[in-house]
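S.K.: Dropping a prediction and its sequence here:
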Amino acid sequence: MDIELKILDPRMAERLPAYATPGSAGLDLRACLDAPLSLAPHACALVPTGLAIHIADPGFAALILPRSGLGHKHGIVLGNLVGLIDSDYQGQLMVSAWNRSDTPYTIEPMERIAQLVVVPVVQAAFRVVDAFGATSARGSGGYGSTGTT
Ligand SMILES: O=c1ccn([C@H]2C[C@H](O)[C@@H](COP(=O)(O)OP(=O)(O)OP(=O)(O)O)O2)c(=O)[nH]1
Ligand SMILES: [Mg+2]
């Protein structure tokens, strides 16, 4: 699918997001920083990417997700856990980088810190009812109601 992309920082022109392999779902996002950014244990910082996208079609959105290596090995995940990019957002893509570990971590300029996944979206139209039209097998059971084994 075709998505408009604006380069907000000229350094990103030669580092545009690209799928690393033919089967990749995510596009790595880089930290568009002028200097290394030290993230103290448990600190969070909003990191610019130097890019803006306009998905435009409300049938799609993008998710910002952690990179598994950074998250698992260094505890660098996202302060908002998952970033949701609305189809009408035209501002800079920002990554909320959260150091959930007990060790400081330094984000280097242009380091790949998160990944973007474009996903289909359905906008629901709600129809208010007094009672649901059908009874489901689950009913109102939740929170572990099906057990663990
Ligand atoms: O990790 C993120 C999350 C969001 N955004 C941008 C795109 C998104 O479309 C917009 C709003 O995000 P969201 O709706 O999650 O935040 P909000 O707190 O509800 O803000 P708003 O009131 O602007 O919707 O911020 C990012 O750049 N990075
Ligand atoms: Mg919102």
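M.R.: In hand now; what should we look at? Ligands and ions are numbered 1, 2, ... in the order given.
S.K.: Alpha carbons of the strand ranked longest in the chain, as CSV, please.
M.R.: Ranked by number of residues, the top strand in the chain under DSSP state E is strand 44-54. Coordinates of the C-alpha atoms in strand 44-54 are reproduced here as CSV (Å, rounded to 0.1, in the frame of the first residue of the first chain):
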residue,chain,number,x,y,z
CYS,A,44,11.0,7.6,29.7
ALA,A,45,11.7,10.1,26.9
LEU,A,46,9.8,11.1,23.8
VAL,A,47,12.2,10.5,20.9
PRO,A,48,11.6,12.1,17.5
THR,A,49,11.9,10.0,14.3
GLY,A,50,12.4,12.8,11.8
LEU,A,51,9.5,11.4,9.8
ALA,A,52,5.8,12.1,9.4
ILE,A,53,3.3,9.8,7.6
HIS,A,54,-0.3,10.4,6.5
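S.K.: I'd like the average pLDDT over that strand.
M.R.: Mean per-residue pLDDT for strand 44-54: 98.
S.K.: is that strand up against ligand 1 anywhere?
M.R.: No: Strand 44-54 lies apart from ligand 1 when judged by Cβ under 6 Å from any ligand atom; the minimum separation is 8.1 Å. The C-beta positions use only the backbone N, C-alpha and C, and glycine is treated the same way.
S.K.: okay, the following helix or strand past that strand in PDB with CA atoms only?
M.R.: Sequence order places strand 60-66 as the next helix or strand after strand 44-54, per DSSP states H and E. The C-alpha coordinates for strand 60-66 follow below in PDB (Å, rounded to 0.1, in the frame of the first residue of the first chain):
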ATOM      1  CA  PHE A  60      -5.700   1.500   8.100                       C
ATOM      2  CA  ALA A  61      -3.600   2.600  11.100                       C
ATOM      3  CA  ALA A  62       0.000   2.000  12.200                       C
ATOM      4  CA  LEU A  63       1.200   0.600  15.500                       C
ATOM      5  CA  ILE A  64       4.600   1.400  17.100                       C
ATOM      6  CA  LEU A  65       5.900  -1.700  18.800                       C
ATOM      7  CA  PRO A  66       9.100  -2.400  20.700                       C
END
